[in-house]
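> only geometry, no sequence info:
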């Protein structure tokens, strides 16, 4: 059973709002399936009989099945912070693709598909050049566009030659702007890069009012520090380190999840800062317990938020993630 720590140290009611943090120990246990149709035997830890083989994940290689087992080892209850917010963000970036580069890319692609030699072994140079011309200047106004392309190529060669000479770093657009007052249209567009991972920052100011609360504050700080730390091998084999434990965060109202505040995916505790002089002056009780302690926590979710998350499970409740 999980050990429960809380601040403030007082009874919770059905109308109490608070932040619940589950400290979850993540372990993996290795199974061996001898027949892949029969029983799954837990290596060195007993056996599980009559397991439905339809539950075996698809795509397994060999005869091993890794089963993840999560166990809540500590449960911490803290007051709702004075500032709570969530920020959903998606990564975009500006990108450019001018018409000349696009045409060249198309010409190269078409040229690659064109055999270099025909059935008689003759080089198909005319056909290759025809492909490049089609993509570069198109069927209409070929003469006019050919002149433009030719000038661009010459200008680009001149700018590169100037850069190679070491007299400066002159780009094609700089050369065009100086010579004709124009640049190549970059066709700028905003492109989607991918999702981002959310993080959450909380600050708790804890002022113990009695000995029980002082003990709880100390245990809460100690527990968070311990479970955010990498796990070494207690037997002295330090070749490998296990990842720190993970954290489950929930805004609660009594025994129920809060109906209006955001949901969290599983998190890691990325940063923890403790200020033992919360009133900007060193002051303690007779036993040494600081009069005021400020604890700052930064959690980061393990995976990004997707649109489908709002159609299932907790994503359907309140404001979702």
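It's in. Keep in mind it's a predicted model, so treat the numbers as computed, not measured. Residues are numbered from 1 along each chain as shown.
> where are the low-confidence patches of the stretch 51-200 of the chain?
By pLDDT under 70, the low-scoring segments of the stretch 51-200 of the chain are 51-69, 99-100, 102-154, 156-157, 160, 162-168.
> pLDDT at the nearest residue to residue 248 once chain neighbours are set aside, what is it?
Distances taken as C-beta to C-beta, 6 or more residues apart in numbering place residue 22 nearest to residue 248, at 3.9 Å, with adjacent residues excluded. For every residue, glycine as well, the C-beta is placed using N, CA and C. Predicted confidence (pLDDT) for residue 22: 94.
> Tell me how many other residues crowd the residue nearest to residue 95 when sequence neighbours are not counted.
Counting by C-beta to C-beta, 6+ apart, residue 95 lies nearest to residue 191, which is 4.7 Å off, once chain neighbours are set aside. A total of 11 residues lie near residue 191 under the criterion other C-beta atoms under 10 Å.
> what does residue 220 give?
22.
> Then the one 5 residues further on?
Summarising burial for residue 225: neighbours were counted as other C-beta under 10 Å, giving 12.
> all strands for the stretch 151-300 of the chain, in order.
Shown for the stretch 151-300 of the chain, the strands assigned by DSSP state E, counting those that start in this stretch span residues 189-195, 199-206, 246-253, 256-257, 267-275, 293-301.
> Save those as a markdown table, and put in distance to residue 87 too.
Below are these laid out as a markdown table (distance: least, C-beta to C-beta, whole Å):
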| stretch | distance to residue 87 |
| --- | --- |
| strand 189-195 | 13 |
| strand 199-206 | 8 |
| strand 246-253 | 15 |
| strand 256-257 | 21 |
| strand 267-275 | 14 |
| strand 293-301 | 12 |
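> Go through the ones you listed and name the closest to residue 218.
Checking the strands of the stretch 151-300 of the chain against residue 218 by C-beta to C-beta gives strand 293-301 as the closest, at 9.1 Å.
> buried sites along the closest one?
293, 294, 295, 297, 299, 301 (16 or more other C-beta atoms under 10 Å).
> got the angle between that strand and strand 246-253?
Orientation note: strand 293-301 sits at an angle of 110 degrees relative to strand 246-253 (axes from the mean of the first three to the mean of the last three C-alpha atoms, to 10 degrees).
> Name the SS class of the residue nearest to residue 248, please.
Each residue gets one of three states, and residue 22 gets strand by DSSP: H, G, I helix; E, B strand; the rest coil.
> Model confidence score at the residue nearest to residue 208 when sequence neighbours are not counted, please.
Among residues not flanking residue 208 along the chain, residue 214 sits closest, at 4.0 Å (C-beta to C-beta, 6+ apart). For residue 214, the pLDDT comes out at 94.
> burial count for residue 214?
Residues lying near residue 214 (other C-beta under 10 Å) number 22.
> who touches it in this structure?
208, 285, 287, 289 (C-beta atoms under 8 Å, 6 or more residues apart in numbering).
> With residue 200 instead?
86, 249, 264, 267, 298, 299, 300.
> repeat that for 10 Å
Residues in contact with residue 200 (C-beta atoms under 10 Å, 6 or more residues apart in numbering) are 81, 84-87, 249, 262, 264, 267, 270, 297-301.
> Quick check: the gap between it and residue 266.
12 Å (C-beta to C-beta, to the nearest Å).
> which neighbours do those two share?
Listed contacts common to residue 200 and residue 266 are 249, 299, 301; contacts here mean C-beta under 10 Å, 6+ apart.
> Residue 16 touches residue 251, doesn't it?
No. With contact defined as C-beta atoms under 10 Å, residue 16 does not reach residue 251; the gap is 11.6 Å.
> and these two? which has more neighbours close in?
Shown here are residue 16 and residue 251; by other C-beta under 10 Å, residue 251 has more neighbours (19 against 15).
> circling back to that earlier point, which residues are in contact with both of residue 16 and residue 251?
residue 80.
> OK, contacts around the residue nearest to residue 263 when sequence neighbours are not counted?
In this structure, residue 263 finds its nearest non-sequential neighbour in residue 314, 4.6 Å apart by C-beta to C-beta, 6+ apart. With contact set as C-beta under 10 Å, 6+ apart, residue 314 has these partners: 250, 257, 262, 263, 264, 265, 320, 321.
> which among those residues end up buried?
Applying 16+ other C-beta under 10 Å to the contacts of residue 314 flags 250, 262, 263, 264, 265, 320, 321 as buried.
> Which single one of those residues is nearest to residue 309?
Among these, residue 321 lies closest to residue 309 (C-beta to C-beta), at 5.6 Å.
> Touching, that closest one and residue 262? I think so.
Yes. The pair residue 321 / residue 262 is scored as a contact, 6.3 Å apart, by C-beta under 10 Å.
> who touches both of the two?
86, 88, 198, 314.
> Now intersect those residues with the strands, please.
Assigned to strands by DSSP state E, none of the shared contacts of residue 321 and residue 262 qualify.
> Kindly tell me how buried the spatially closest residue to residue 296 that is not a sequence neighbour is, as a neighbour count.
Counting by C-beta to C-beta, 6+ apart, residue 296 lies nearest to residue 273, which is 4.3 Å off, once chain neighbours are set aside. Residue 273 has 10 neighbouring residues, counting by other C-beta under 10 Å.
> Alright, that wraps it up for me.
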